[in-house]
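>>> model the structure of this input:
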Amino acid sequence: MNAFAVGGTVRATFTLAGELAKRHDVEIVSAYRLRTADPALPVPDGVRLRTLTDLRAGTVESLPPLRRRLYEQPSRLFSSNDIRYRNFSLLTDVALLRFLAGVRDGILIGTRPGLNLIVAHLASDSVVRVGQDHLNLKSYHPALRANMRAAYRRLDLLSTLTERDAAAYREMLGDRPPVECFPNPAPDVGGRRASGEEKVVIAAGRLTRQKAFDRLIDAWAHVAPRHPDWQLRIFGEGSKRGALQRRIERHGIADSAHLMGFTDRLHDELARASLYVMTSRAEGFPMVLLEAMGVGLPVVSVDCYTGPSDIVTDGVDGRIVPEEDGPALVEAMSELMGDDAKRKAFGAKALDAAARYDLATITARWEQRLTQLDAFRHGRRTIARPCSASRARRRCGGSRDDRRRAAGMERAGRRPPRPVDPLRA
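Got it, this is the predicted structure:
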């Protein structure tokens, strides 16, 4: 959607793209860009970044009259049931249509439901169409799930971040498209390691309701008096910054709880902490947990629907607490802050856990599956082109009767049968 922002989806996309670009031609396409001139995260070597619509304030103000009118009209392509609908317009629609018209081969991957639906509906059949879910099925509005149920069958593959979510999608969609779990790879933290000695608790993410830093601040108000020599540092920017700062001041903890703003050196900050805490209301597969564990930080996390319990093993490399249990969150944080030996032991196990999500291993899985899909796409073309010497068959991919039969099915609202993917059988 917006490759110039910072977040788990952008980070995971850049990481996978950079690894695939070592052997393939890879382009990241950003539907639009907002506010910033440069991407918040470095574009990987060998990867092109294309922006379809520039929505920065100065650019929008100088739009020609026709494009300005398009910008002011709501999108007709992007699903109004996707929470990012208001960021799209007829102007982004035009850019997306032009882009899709130029994509005639290769593999096209969408990264959120609104974009996946556009890929499913509008991308050419000659393109391998892949949808990714970077959150989870349960988190979406029922109307959006209905859109997905109707359109996702046109995709060639749908990926989820957890097996639990893959099972939920299979229940909703049946056997088309194939649904497979591809967890995000652990980012390279450059060999950084936390000593476990610093009296610092760290958290990071967008300052939005989803990330629920209000829960963390409320918990810290009870933890801080027990551990007056510890500091809480929250990194990130977002719409809730003012409200969170007021919450800190209302609790009287401004001397130990700090909103640090955005940093492009998060791995360095993680290495200067001793405990990572996540209190999100919803996650898919939180990359920041892998980053924290990759530097040897134990984790305390609330048990939101998917993500934390897929990564953290309670009592081994961190603590998982019920989502709405504030006292349990306070006790889990206080337990690890007050026990140096346990905290360091959990941190050592966290390193082992992060190693399970090795970048090379997960990229190899993606590469193998995408290669299979691409090969099947070419085979699908071959199957659709009978070997008769008939000129009509060579040009149109079937006999006149075949074409009439397919046209009749389309008029009746039925899709002509497609060859069966042997990988699905």
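>>> so residue 241 sits against residue 207, correct?
Yes - counting by Cβ atoms under 8 Å, residue 207 is a contact partner of residue 241 at 4.8 Å. Yep, even glycine has a C-beta here, placed from its N, CA and C like the rest.
>>> what's the overlap in contacts for those two?
Residues touching both residue 241 and residue 207 by Cβ atoms under 8 Å, 6 or more residues apart in numbering: residue 259.
>>> can you list the weak-confidence ranges in the stretch 101-250 of the chain?
Scanning the stretch 101-250 of the chain for pLDDT under 70 picks out nothing.
>>> re earlier: who has more neighbours, residue 241 and residue 207?
Neighbour count, other Cβ atoms under 10 Å: between residue 241 and residue 207, residue 207 has more, with 22 against 17.
>>> wait, the more buried one sits on residue 235?
No - the pair residue 207 / residue 235 is not scored as a contact, 9.7 Å apart, by Cβ under 8 Å.
>>> common neighbours of those two, please.
What both residue 207 and residue 235 touch, as defined by Cβ under 8 Å, 6+ apart, is an empty set.
>>> can you tell me how far the closest residue to residue 68 other than its chain neighbours sits from residue 313?
Setting aside the residues directly before and after it, residue 68 is nearest to residue 60 in space (Cβ to Cβ, 6 or more residues apart in numbering), at 7.8 Å. The gap separating residue 60 from residue 313 is 48 Å, by Cβ to Cβ, to the nearest Å.
>>> same deal with residue 116?
From residue 116 to residue 313 the distance is 31 Å (Cβ to Cβ).
>>> quick one, which of the two is more surrounded?
residue 116 (25 against 16).
>>> quick one: low-confidence ranges for the stretch 251-400 of the chain?
Checking the stretch 251-400 of the chain against pLDDT under 70 turns up 379-400.
>>> buried residues of stretch 340-347, list them for me.
Buried residues in stretch 340-347, counted by 16 or more other Cβ atoms under 10 Å: 343, 344, 346, 347.
>>> please enumerate residues in contact with it?
Applying Cβ under 8 Å, 6+ apart, the set of residues contacting stretch 340-347 is 194, 196, 274-275, 296-298, 316-318, 335-337.
>>> give the buried subset of the residues you listed as a ChimeraX selection command.
Buried residues within the contacts of stretch 340-347, by 16+ other Cβ under 10 Å, are selected in ChimeraX with:
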select :194,196,274,275,296,297,298,317,318,336,337
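>>> longest helix of the protein?
helix 359-383 (DSSP state H).
>>> can you pull out the strands in this protein?
26-30, 47-51, 107-110, 128-132, 157-160, 179-181, 200-204, 231-235, 257-261, 275-278, 299-302, 318-321 (DSSP state E).
>>> for residue 308, which of those strands is the nearest?
strand 299-302 (4.0 Å; Cβ to Cβ).
>>> dump the closest one to CSV, keeping only the CA atoms.
Listed next in CSV are the C-alpha coordinates belonging to strand 299-302 (Å, rounded to 0.1, in the frame of the first residue of the first chain):
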residue,chain,number,x,y,z
VAL,A,299,9.5,-11.1,25.7
VAL,A,300,6.3,-10.4,27.6
SER,A,301,3.3,-10.3,25.4
VAL,A,302,-0.5,-10.3,25.6
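>>> returning to what we had before: so which two of the buried residues of stretch 340-347 are the farthest from each other?
344 and 346 (7.3 Å).
>>> residues in contact with the residue nearest to residue 308 when sequence neighbours are not counted?
Sequence neighbours aside, residue 301 is the residue nearest to residue 308 in space, at 4.0 Å (criterion: Cβ to Cβ, 6+ apart). By Cβ under 8 Å, 6+ apart, the contact set of residue 301 is 277, 278, 279, 289, 308, 312, 318, 319, 320, 321.
>>> then residue 320?
301, 302, 303, 308, 309, 312, 314.
>>> which ones among the buried residues of stretch 340-347 map onto helices?
343, 344, 346, 347.
>>> quick one, phi/psi of the nearest residue to the third one once chain neighbours are set aside?
Right, residue 346. With sequence-adjacent residues excluded and distances taken as Cβ to Cβ, 6+ apart, residue 346 is closest to residue 298, at 3.5 Å. Here the main-chain torsion angles of residue 298 (degrees, to the nearest 10) amount to phi -70, psi 160.
>>> contacts only, for residue 298.
275, 276, 317, 318, 319, 336, 343, 346, 347, 349, 350.
>>> bridging across strands, which residues link to the first one?
Partner residues in beta bridges with residue 275: residue 201, with DSSP bridges as the criterion.
>>> pretty sure it is touching residue 297, no?
Yes - contact criterion Cβ under 8 Å: residue 275 and residue 297 qualify, at 6.4 Å.
>>> quick check, nearest of the contacts of stretch 340-347 to residue 253?
Nearest member of the contacts of stretch 340-347 to residue 253, counting by Cβ to Cβ, is residue 337, at 14.8 Å.
>>> ok, the closest one - contacts?
For residue 337, the contact set (Cβ under 8 Å, 6+ apart) comprises 201, 223, 226, 227, 230, 274, 275, 343.
>>> which parts of the stretch 51-200 of the chain are helices?
For the stretch 51-200 of the chain, helices defined by DSSP state H, counting those that start in this stretch occupy the ranges 57-61, 65-72, 90-101, 113-122, 142-151, 163-173.
>>> check which helices and strands the fifth one sits against.
In terms of contacts (3 or more Cβ pairs under 8 Å, 6 or more residues apart in numbering; DSSP states H and E), helix 142-151 is packed against helix 113-122, helix 163-173.
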